[in-house]
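In: I would like the atomic coordinates for the input below:
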Amino acid sequence: MVGQNDTYNETTKVCITLPPYINSNRIWYYFDHRGHERTPMEALLPRFELQIVAAFSFSQAFHFLLKRFGIPTIVSQIIAGITLRHVIQGFNLDPENIMSSFTSLDILDMVSTLGYILFMFLMGVKMDVTMIHRTGKKTLYSAILCLVVPFLLGLVAVERVCTFWDLDGKDRRKLIIVVVAQCLSTFPVIACLISELKILNSELGRLGLSCGIVSDMICLILSMSTIWVMSIYRKSTKAVLIDLAAMVAYIVVVVFVIKPSMIWVVKQTPEEKPVKSLFINNIIILALGTAFLSHLFGQYVIFGPFILGLAIPDGPPLGSALVDKLDPIVSGLLIPLYVTLCTIRVDLLNPRCDDDLFKSTAVIVAVVLLAKFVAGLIPPLICKVPKRDAIALALIMSSKGIVELTAYTTLVNKQIITEGMFGFLFLTVLVTATAVPVLVKYLYDPSRKYAGYQKRNIMHSKGNSELRILACIYWPDNIPAIINFLQALTPTRESPVAVYVLHLINLSGRAAPLFISHKMQMKTISDRSYSKNVIISFGCFEENNPGTVSVHPFTAVSPHKLMHEDVCTLVLDKLTSLVVLPFHQKWFIDGSVESEDNTKRALNRSVLDKAPCSVGILVDRGYLGRFTSKELSLGLGSSFSVAMIFFGGSDDREALTLAKRMRQNTNIILTVVRFIAKKNEISTD
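Out: Reported below is the predicted structural model:
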């Protein structure tokens, strides 16, 4: 087979053996029949497996070295691709090379592209498009200015460089494409960056994700328009109009047919039950089918799956089920393979930087990046965001990642840009992906909000003042124990208790975290309400204690490793004196351990380290006594006992203050046991 490249006047010969040699005989068979048998590495399957192992091993090795410097995973994958290229160049570059065979690289490209299609489908599933309606002015203005200003200044720069270097209309179109690609601020890139920085549920993280969603919607429209305009130069007017009509018809079908169908699937799934595998498998097949339709009608293959993902309700049960099924193989294997394969074609040792088109690209990229940074900086400063936070947000909006890398690879594959332009654009992705996380981590520290805050506790509160408690719920089983504990605190009209109930849910099936105040929420997002059982249970507790207890329910949906930030932030906002955390173990009625959750144990430790108030761990060993919290609230039943063990120190004095408050209830018998070391003098403070 002979291929002619008119752009570079190169001819490539590729020899393909039919039928293809897929499975090799064992290596010992080759040694026994040397000279009469093909080598094992000539077979496609072993060669493909070796390529996967090499790409994955290199990327993991580099990530192991670079992660301690705060450099994200994509940089390790890019460096792995560059390294693999130069390792391959150390061998003989013939078509039979075990790593660079044309046939095997085509197979690798196909598999990795499938991974990218599923990745963009999952990013569409994780996106909450309704956030666009809830964004503030600074979010909206930042997202719009980060696209409009660089685009306009980029067009001006294109005209100037084309005049200066006397470039023709074909080169001008290439540079305009570069401007469009550089203006992108896509949600997948921003979400991956914020997740790597572990600031998802911080103020800057939420602001960046909101800007990313608004920007991504604008970028989607802009990129669709660009592809449509480009197709005018390659197709007839009739073909272009057919493609446009098909694209519009697909969006209509997604909005009015597929989205209602997905909502129906959610309604058919019982509470706390997984979605049927039949629905999940059909949705995955539908995503791959829409990729085929996108390619058929002139759009890039990710267009259909991404739009389909936006129509699927994020979070549990449907969005979470899709993410749990696909994300391990997509993010764990296929995306590292895809990024490595995209960068394996870049030759940094022989850059083509001597032509005018390369110089023009460098000037335009510099202008667009600078304009993008300044445009992202101005709205936060006008809205009186701190300077360091505003700079960090502008850097996040200027970051580059897998979406830009895909765009540049697609452009060079379609011969829209040259290899020299691709090499320089690739370097911009590598530099920004490396520098932006390091700079943002230096500029923004979420824990600085605790600086100068005096730790609150129960002991220093006024005797009859309102006691503010933050009660955290991990599982529904925690509700009875916490209500019993709160009832034992003896709330009265003279000494009321304000309970802020925070239901902590692991982030799954969506990219942006949620923090919901259920008393302020006038309308639910969907038919399924978060924390329904928690709201009802504590609502009854409040009704049983009129005038003495006020309950304020909240829900935080965030990753396990970042949940302590939600807890500590709510403590600061509500000025609570005590945080009550459930113990990480649960027991059977016979005393044996039912379950142990180490993620909750790590969360409790993080709250103990960082909480700006007192923290108590509530260990629930089962039903205490014969009477319910409702009966206790009405003064029914006999008394029950509370034991207080006092060794000394600030923590024990805090617990003693809490025990004294319980003593106000005549149904509670308080026993304080003080331990004193033998033959040591103990101060009586």
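
In: Find the nearest non-adjacent residue to the residue nearest the centre of the chain, please.
Out: Nearest to the geometric centre of the chain sits residue 511, at 4.3 Å (Cα atoms, centre = their mean). Excluding the flanking residues, the one nearest residue 511 by Cβ to Cβ, 6 or more residues apart in numbering is residue 126, at 3.7 Å. Just so you know, the C-beta spots here come from the backbone N, C-alpha and C atoms, and that holds for glycine as well.

In: Burial check on that neighbour, number of neighbours?
Out: 26 (other Cβ atoms under 10 Å).

In: for the one 10 residues further on, same thing?
Out: Each residue near residue 136 was counted by other Cβ under 10 Å, and the total is 11.

In: Ramachandran angles for it?
Out: phi -90, psi -180 (degrees, to the nearest 10).

In: How about residue 477?
Out: Torsion angles at residue 477 (phi, psi; degrees, to the nearest 10) stand at phi -70, psi -20.

In: what residues are up against it?
Out: 586, 620 (Cβ atoms under 8 Å, 6 or more residues apart in numbering).

In: Now do it against residue 658, distance only.
Out: 23 Å (Cβ to Cβ, to the nearest Å).

In: repeat for residue 611
Out: Residue 611 sits 16 Å away from residue 658, taking Cβ to Cβ as the criterion.

In: who touches residue 212 in this structure?
Out: Neighbouring residues of residue 212 by Cβ under 8 Å, 6+ apart: 143, 185, 186, 187, 189, 190, 191.

In: Now do the SS call for it.
Out: Here residue 212 is helix, with the state taken from DSSP: H, G, I helix; E, B strand; the rest coil.

In: could you measure it against residue 303, distance?
Out: 18 Å.

In: How about residue 85?
Out: Applying Cβ to Cβ, the value for residue 85 to residue 303 is 30 Å.

In: Neighbour count: the two, which is higher?
Out: The neighbour comparison of residue 85 against residue 303 (other Cβ under 10 Å) goes to residue 303, with 24 against 19.

In: Name the SS class of the closest residue to the more buried one other than its chain neighbours, please.
Out: Leaving aside its sequence neighbours, residue 303 sits nearest to residue 294 (Cβ to Cβ, 6+ apart; 4.4 Å). At residue 294 the chain is in helix, as set by three-state DSSP.

In: Is residue 294 in contact with residue 300, as I believe?
Out: Yes - assessed by Cβ atoms under 8 Å, residue 294 is found in contact with residue 300 at 6.6 Å.

In: For the two, indicate the residue with more neighbours.
Out: Neighbours were counted for residue 294 and for residue 300 using other Cβ under 10 Å; residue 294 has more, 22 against 18.

In: quick one: pLDDT of the more buried one?
Out: Looking at residue 294, its pLDDT stands at 85.

In: for it, what are its contacts?
Out: By Cβ under 8 Å, 6+ apart, the contact set of residue 294 is 300, 301, 302, 303, 304, 305.

In: what does residue 188 give?
Out: 119, 120, 123, 216, 401, 402, 403.

In: Would you map the strands across the stretch 451-600 of the chain?
Out: For the stretch 451-600 of the chain, the strands defined by DSSP state E, counting those that start in this stretch cover 467-473, 497-506, 514-517, 549-558, 578-582, 585-587, 593-596.

In: Show me the one of those that comes nearest residue 197.
Out: Closest to residue 197 of the strands of the stretch 451-600 of the chain, according to Cβ to Cβ: strand 549-558, at 14.1 Å.

In: Strand partners (parallel or antiparallel) of the closest one?
Out: Strands that pair with strand 549-558, judged by DSSP bridges, come out as strand 497-506 (parallel), strand 514-517 (antiparallel).

In: Need the winner for burial among the ones you listed.
Out: By mean neighbour count, with neighbours taken as mean count of other Cβ atoms under 10 Å, strand 497-506 ranks first of those at a mean of 22.

In: Format the strands paired with strand 549-558 as TSV; extra columns: mean pLDDT.
Out: Listed next are the strands paired with strand 549-558 as TSV, based on pLDDT from 0 to 100:
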stretch	mean pLDDT
strand 497-506	92
strand 514-517	86
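
In: now for those strands, which one comes closest to residue 572?
Out: Proximity to residue 572 (Cβ to Cβ) singles out strand 497-506 among these, at 11.8 Å.

In: Just want the angle from the closest one to strand 467-473.
Out: Interaxial angle of strand 497-506 relative to strand 467-473 (axes from the mean of the first three to the mean of the last three Cα atoms, to 10 degrees): 20 degrees.

In: So what touches strand 497-506?
Out: Applying Cβ under 8 Å, 6+ apart, the set of residues contacting strand 497-506 is 466-474, 486, 489, 491, 530-531, 534, 538, 541, 548-560, 563, 566-567, 570, 574, 576, 603.

In: next one: stretch 355-375
Out: 142, 145-146, 148-150, 153-154, 157-158, 161-162, 165-167, 171, 174-175, 178-179, 182-183, 185, 352-353, 394-395, 397-398, 418, 420-421, 424-425, 428, 432.
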